[in-house]
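Asks: sharing a sequence plus its predicted fold:
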Amino acid sequence: MSPIDDDEVALVALRAADPAGNVVADAATRRSAVRAAMASSNNRSRWSKTWAVIIVAIGAAVVIPVGASATGFAAFTGWFGSPNPPETVIEESGSTRSSSEADSSEWLDVLSDDFIEAATQLMPPYITLPEGTDRQQFARVVAESMRNATVTGPDAETVGEFGALMQTTGVVATYELHAQCAWRAEWIDAFDNSEQQRTELATQALTNSATWPATVATDGGGVVANEQRLAAAAEAGDRTTVATEGLRNCPAVAFSAGR
Amino acid sequence: MTLRQEINFFAGDRSQESAEQAGRFETMVDPLVPLILRYFVRRLDNRDDAADCTAETLLVLWRRRAKLPPEPDELRAWSYGVARLVLANHQRGKRRRAAVDHSLRQALRVQNPPPPDEAILAVEALKSLRGADQELLRLVVWEQLSVADAGRVLGITPGAARTRYSRALGRLRHRFAAINE
């Protein structure tokens, strides 16, 4: 037999030895797997990170302590920091680096019955809102939207089964983002109506909000710089930039919450 | 356009764009799921780990969705490259915060029937080769990639891949013949 024939004999035998020969994934399995990946994405864009919902894998050796925190809300898990050691991140270039996407703040159970109340308590006093905004209503609506994103959105079928956690920093960052968006809309409206004092007030708010603590803390690259750029655009009367770039990254609920 | 119309335009535009992107991703990646799953089953002893690694690979693909090659064969090879890195990560003992999909684990509950004797010997011959040769042969024989695409997964040129494959196949042939005597 020629070497080529011998090659074929070896290859035939190797093909028959395929340990995954009978592995199939039906349509439902494939759909479930792909959507689970989409739901658990921890995309580094600031918008996605604000909505970062960490899905705890069943079987993971992580124990959530029993009992609520001193705040009295069951939503506070008493669990701080990253449940996992830093993971190796695959960069686009193929290089890898280690990173942890969690800070040391406490995790909240988004599906807890009192999550909305707990989250509203987290909205910091330094967050300012345009005149006429009902602050409590704003806080509640934003908290509800955080929860709704996990229980009624397209992620629900996977997130609902495993539970959903959100860190305190993420909750505060979400409030900051919604307030920043509310101020952008306020600036545009004031500018369009030639209300100088109101325009100046909104410009100042945008300048201050660019360096709010959670915005800074969750900046994975370019977020603070972008906020400062929008504030500078407002200062310069650049309506186009504020409207196109400022509104594009905003959740719709930011413009109606508390109004 | 009023401010309200602008808000609706941008917010709606983004949500519609996101939905379209998600739909495109699902369509592109759906056929890769069993392929990636089999990739890990062939390289890991524990089938639950294979399901975990598959989920992690899909997560990476989703994160990189803006960069996915549009052509199916190129996407398939690119995905194997990602899977290879995920496998290396797994084998370094790193834990991941990936969503563990029970349906993937269920898909792996079905066990293979016992392989014929020659197949067992072929695997023994394969495992006696050096790691790089093993991986190249697996990609071509089991993942059914072209030699050139297998080379792309491994980060080598098509020419180098052809040369290495030819040598690896020769070594496999000799080892198999020796074991099979």
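Replies: Ah, there it is.

Asks: show me where pLDDT drops low in chain B?
Replies: Residues of chain B meeting the criterion pLDDT under 70: B:1-18, B:93-103, B:110-112.

Asks: what sits against residue 115?
Replies: All of this is about chain A. A:73, A:75, A:108-109, A:143, A:146-147 (CB atoms under 8 Å, 6 or more residues apart in numbering or on different chains). C-beta coordinates here come from the backbone N, C-alpha and C atoms, glycine included.

Asks: wrong one, I was asking about chain B
Replies: By CB under 8 Å, 6+ apart, the contact set of B:P115 is A:16-17, B:123.

Asks: now list the buried members of these.
Replies: Buried members of those, counted by 16 or more other CB atoms under 10 Å in any protein chain shown: A:17, B:123.

Asks: so which of the contacts of B:P115 sit within strands?
Replies: Using DSSP state E, no member of the contacts of B:P115 falls within strands.

Asks: closest one of the contacts of B:P115 to B:S79?
Replies: Ranked by distance to B:S79 (CB to CB), the contacts of B:P115 are led by A:A17 at 23.4 Å.

Asks: before we move on, the earlier item: which pair of the contacts of A:F115 spans the longest distance?
Replies: It's A:F73 and A:M146 that sit farthest apart of these, by CB to CB, at 14.5 Å.

Asks: so between the two, which is more surrounded?
Replies: Applying other CB atoms under 10 Å in any protein chain shown to A:F73 and A:M146 shows that A:M146 carries more neighbours, namely 25 against 20.

Asks: so which bits of the helix or strand that that one is a member of are buried?
Replies: Taking DSSP states H and E as the criterion, A:M146 maps to helix A:135-151. Buried residues in helix A:135-151, counting neighbours by 16+ other CB under 10 Å, are found at A:135, A:138-147, A:149-150.

Asks: nearest to A:A36 among the residues you listed?
Replies: Checking the buried residues of helix A:135-151 against A:A36 with CB to CB, the nearest one is A:T150 at 13.6 Å.

Asks: what ranges do the strands span in chain B?
Replies: Ranges of strands in chain B, per DSSP E: none exist.

Asks: count of neighbours near A:A232?
Replies: Neighbours of A:A232 under the rule other CB under 10 Å: 15.

Asks: that one sits in which helix or strand?
Replies: Using DSSP H and E, A:A232 maps to helix A:223-235.

Asks: could you point out which element follows that helix?
Replies: Remark: after helix A:223-235, the chain's next helix or strand is helix A:239-241, criterion DSSP H and E.

Asks: that next one - contacts with which helices or strands?
Replies: The contact analysis (3 or more CB pairs under 8 Å, 6 or more residues apart in numbering or on different chains; DSSP states H and E) places helix A:239-241 against helix A:168-192, helix A:223-235.

Asks: much appreciated, bye for now.
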